[in-house]
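*Asks:* Quick one: sequence and predicted model below, then my questions.
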Protein chains: 2
Amino acid sequence: MFKRVLIAALVSGALSSPALAQSAADLDPQIELTAKNLMRYAMSDEIGLDFVEGLTTEIGQRLAGSEAEARARDWAVAELTELGFDAVRIEPFEIPFWSRKSESVSVVSPSPQPLIATALGGSAATPEGGVTGQVVRFESLSELRAAPISRIDGKIVFIDERMIKTMDGSGYGMAVRKRSQCAQSAADKGALACLIRSVGTQPHRMPHTGIMARDGAEGAGAVAAVSGPDADQLTRLLARGPVTVSVDIQTEIRTNAPSGNVIAELTGTDLADEIVLIGCHLDSWDLGTGALDDGAGCGIVVGAAMLIADLPERPRRTIRVVLYGAEEVGLFGATAYAHQHGDDLDKHVLASESDFGAGPIWRFQTRFGEAALPYARKIQRLLMPLGVTPADNRATGGPDIGVLARSGVPVVSPGQNGMDYFDYHHTPDDTFDKIKPDEFRQNIAVYAAFTYIAAESGWDFRKQPDPVAAGTE
Amino acid sequence: MFKRVLIAALVSGALSSPALAQSAADLDPQIELTAKNLMRYAMSDEIGLDFVEGLTTEIGQRLAGSEAEARARDWAVAELTELGFDAVRIEPFEIPFWSRKSESVSVVSPSPQPLIATALGGSAATPEGGVTGQVVRFESLSELRAAPISRIDGKIVFIDERMIKTMDGSGYGMAVRKRSQCAQSAADKGALACLIRSVGTQPHRMPHTGIMARDGAEGAGAVAAVSGPDADQLTRLLARGPVTVSVDIQTEIRTNAPSGNVIAELTGTDLADEIVLIGCHLDSWDLGTGALDDGAGCGIVVGAAMLIADLPERPRRTIRVVLYGAEEVGLFGATAYAHQHGDDLDKHVLASESDFGAGPIWRFQTRFGEAALPYARKIQRLLMPLGVTPADNRATGGPDIGVLARSGVPVVSPGQNGMDYFDYHHTPDDTFDKIKPDEFRQNIAVYAAFTYIAAESGWDFRKQPDPVAAGTE
């Protein structure tokens, strides 16, 4: 049966013909062979790993809107040009800028001691010299919300909610609610400042930063994350009696800071105006060097594209690599991209972003038109030898891709094992040494394979069932 | 045979008589039974764990000579008095005081970025505003020593030597040579400052501090440890070309700062002037809360002594718990103790210190007189069910005990598994949550058993073979 369909496909030569789209065997054997070769080549990738090593070493942290992020854009343009990409360019935009200048949190009484803490992105500054007040502890954001003003007014709020460790990162959503809403909820009830137990899953004194709200710039109140062991310490002190802490956060804010998306392409052949977009984000938080978040993602998509660039012939469609700017502070790069390419989104045949570290991909989700699901199954079967489980059709495509997905662009989400991701994410520990090369290269294998197939097959991932045909069955 | 010797011992009642000392079975069965019970009780210890929790929570860091160390002494006196110890007191002494005021290390060129670093204890201050110079990297201290002045003069030295991870901590000695001698070796050749790869074995951005030289106070040059990932970063940058860094270390130094040993006793009965000393050190480095180093040690010896205190009768000899001050900065407490008790050292029948974290004890070394080795074997056999291997007669007894051992006081070293100790030691991560209660309690079991036996048996651990008897054999 398999053989007959395959022969039919070869004889007809109509590999992308609608008539055969429902068949799982409609991939040109040459494309399949090339995809398998790409998966093999990926295992000895050097370019992708060098890219993230270079970015994190030669630039380091790349806070959105900062001079460092600007240097990273120039660095990336130079590297991608050197690698031979086409149409390498920066698409600039402006963002509100927030940066910490200094921060300190310490117990004043009953026993003076410093706590290791980091201001959250967008934290308001305290008055110079800080604020000092009694700590009132809540086990959750909802408990804070339910509390009367009298418990909070003039106090320093402490939300001691732990994050749950899961493979798909699903514990992060709840953790982020606490991060994004503490300042406002606390300020509404007259609190002097808010402290949260650091979002993250590791037992080290490595506080996790991250944006408070998705509009960049300064938020409703002063808010800092204290590391897990410091949250434990505060809780033990509170179990003994009243605790007074001081919180001193000084910030720098600016409007209209420069950011931008860096774009590089492999121009297609006969379907050059059709775009397969693979992305990552170039900015990072300021505490680490943004290796897992998201230098790795950039290394993965650049490494995958370069494996394809090294093939004897370019694929039919254009492969566009997008290194988004200012993701961390509110998806500004994604918004700018959608704005700048709004007239062109129907030409985006597939999009995906790598932004979850460098752990191995364990599942492959899609968001395709219903009649394009056989393409999903074909790609998923091809990826299974890499340890990738076929998954559902509810992919989001990644943070910067969401806006495209909502506009109808088909997306895939190669899901990485993120069990350890939140041990490092947004902390000083997000550095190059945390990337395991073998796992990183497995990611490149997956990206190279599906990107190549999408660019070369001519498949229409938007495809819906034919209403007439469906009606006549 | 066993039975006959035992009966002989019981009949004679002379359990500590020289004639029976060579026999492995000369321990009063009641003492042995009590020791075994203590080992059992230790597994549900609360007092020892509460002691270290309280010390690290209510005081936090306890830098030698600081106001925090003074608070810790008062805290310990109150706690030990409350627990019912006898003769609770502080034996004060003075030390040179060193403290960091501020420190920053950053790459100036080719790409500005901060490095996570910590000044070593005793580092000289840099001029205000710091020093800036080109980095010259050495793979070892010996390589630095062999280098010509021309390579070093006006530069910033970087020793990038890695520490080896071992169960008994033997990798630490080499690491400490680099820590203690970099400043002098670098300064001798005109270096502006010295950076070392942090002593320690963990992959986090957690630089390890520690004293440069064993004389407290300020040393020959400015010296800081950069964390492992930052040392990697510096090495990667240097592989690309010249690197300039700035090092700014500001310190506070004082002469004649107050420190002291805290002493608490369980007064013995008929041999009250004979002392079994179990110790720990109360001071800590300033970055963490001194939980593993050495709050745990204090919890272990206090917990062990309290199990003995809870027996229906006090042992014959006095058990003296010594919480040494100012260990980290030069064993000042040990020296003060030896000075203050110099006339009395022959009355110290046994001494031991717990100062290697809270990992399980895996071997038991002694340093006894040759004729007292059967006592070692008896104790070792008793401890084996706790997973403790009998070991040699070359114990040092612990850092603060060395001076006693050199004066002829018999010592034991219950050797802890320190495989993970240098993941936390002297870093901000040395906090209470790193103590595993079950492993901690196994330590209490060991300390309670040998301390009780030493205090109750009347054994002479100094005992040498009888020269006459030996000669006539």
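*Replies:* Nice, I can see it.

*Asks:* Grab the most central residue of chain A for me.
*Replies:* Nearest to the geometric centre of chain A sits A:Asp355, at 3.0 Å (C-alpha atoms, centre = their mean).

*Asks:* mind listing what it touches?
*Replies:* Contact analysis of A:Asp355 by C-beta atoms under 8 Å, 6 or more residues apart in numbering or on different chains lists A:Cys280, A:His281, A:Asp293, A:Asp294, A:Gly297, A:Glu327, A:Gly398, A:Pro399, A:Asp400. Backbone N, C-alpha and C define where each C-beta goes, glycine included.

*Asks:* Check A:Met306 too.
*Replies:* Here A:Met306 is in contact with A:Ile47, A:Gly48, A:Leu83 (criterion: C-beta under 8 Å, 6+ apart).

*Asks:* go on, A:Pro258?
*Replies:* Each residue near A:Pro258 by C-beta under 8 Å, 6+ apart is listed here: A:Gly65, A:Ala70, A:Pro92, A:Glu94.

*Asks:* In three-state terms, label the last one for me.
*Replies:* Following DSSP: H, G, I helix; E, B strand; the rest coil, A:Glu94 is assigned to strand.

*Asks:* Near it, how many other residues are there?
*Replies:* Applying other C-beta atoms under 10 Å in any protein chain shown, we find 16 residues neighbouring A:Glu94.

*Asks:* That one contacts A:Asn256, correct?
*Replies:* Yes. Taking contacts as C-beta atoms under 8 Å, A:Glu94 lies within contact range of A:Asn256: 4.5 Å.

*Asks:* Name the helix or strand for A:Asp50, please.
*Replies:* helix A:47-54 (DSSP states H and E).

*Asks:* re earlier: so which of the contacts of A:Pro258 is the most crowded?
*Replies:* Within the contacts of A:Pro258, neighbour counts (other C-beta under 10 Å) peak at A:Gly65, which reaches 27 neighbours.

*Asks:* any idea how far A:Thr427 is from that one?
*Replies:* For A:Gly65, the distance to A:Thr427 (C-beta to C-beta, to the nearest Å) stands at 21 Å.

*Asks:* what does A:Thr34 give?
*Replies:* On the measure of C-beta to C-beta, A:Thr34 and A:Thr427 end up 40 Å apart.

*Asks:* Those two: who's more crowded?
*Replies:* Neighbours per residue, other C-beta under 10 Å: of A:Thr34 and A:Thr427, the larger number sits with A:Thr427, 30 against 21.

*Asks:* Ignoring the adjacent residues along the chain, who's closest to the more buried one?
*Replies:* Excluding the flanking residues, the one nearest A:Thr427 by C-beta to C-beta, 6 or more residues apart in numbering or on different chains is A:Met206, at 4.0 Å.

*Asks:* Three-state assignment for that neighbour, please.
*Replies:* Per three-state DSSP, A:Met206 ends up coil.

*Asks:* same deal with A:Val108?
*Replies:* Quick answer, by three-state DSSP: A:Val108 is strand.

*Asks:* For it, which non-adjacent residue is closest in space?
*Replies:* Nearest to A:Val108 is A:Thr244, by C-beta to C-beta, 6+ apart, at 4.5 Å.

*Asks:* From A:Pro110, how far out is that neighbour?
*Replies:* For A:Thr244, the distance to A:Pro110 - C-beta to C-beta - is 8 Å.

*Asks:* Between the two, point out the one with more neighbours.
*Replies:* Taking neighbours as other C-beta under 10 Å, A:Thr244 and A:Pro110 compare with A:Thr244 leading, 16 against 13.

*Asks:* so what's that one bridging to?
*Replies:* Note on A:Thr244: beta-bridge partners by DSSP bridges are A:Ser109, A:Gln134.

*Asks:* quick one, what contacts it?
*Replies:* Contacts of A:Thr244 (C-beta under 8 Å, 6+ apart): A:Val107, A:Val108, A:Ser109, A:Thr132, A:Gly133, A:Gln134, A:Val135.

*Asks:* Out of those, the closest to A:Leu55 would be?
*Replies:* A:Val107 (38.5 Å; C-beta to C-beta).

*Asks:* Could you check how far that closest one is from A:Asp26?
*Replies:* 66 Å.

*Asks:* Which one's more surrounded, those two?
*Replies:* Neighbours per residue (other C-beta under 10 Å) separate A:Val107 from A:Asp26, with A:Asp26 holding more: 23 against 20.

*Asks:* tell me the contacts of the closest residue to A:Phe85 other than its chain neighbours?
*Replies:* Nearest in space to A:Phe85, with sequence neighbours left out and distances taken as C-beta to C-beta, 6+ apart, is A:Ala264 at 3.6 Å. Listed by C-beta under 8 Å, 6+ apart, the contact set of A:Ala264 reads A:Leu80, A:Thr81, A:Phe85, A:Asp86, A:Ala87, A:Val88, A:Arg89, A:Val302, A:Ala305, A:Arg320, A:Val321, A:Leu323.

*Asks:* partner residues bridging the last one?
*Replies:* Legend: beta-bridge partners of A:Leu323 under DSSP bridges are A:Val262, A:Cys280.

*Asks:* Show the pLDDT at it.
*Replies:* With respect to pLDDT, A:Leu323 scores 98.

*Asks:* Repeat that for the second one.
*Replies:* Looking at A:Thr81, its pLDDT is 98.

*Asks:* Surely it is within a strand?
*Replies:* No. Under three-state DSSP, A:Thr81 sits outside any strand and is assigned helix.
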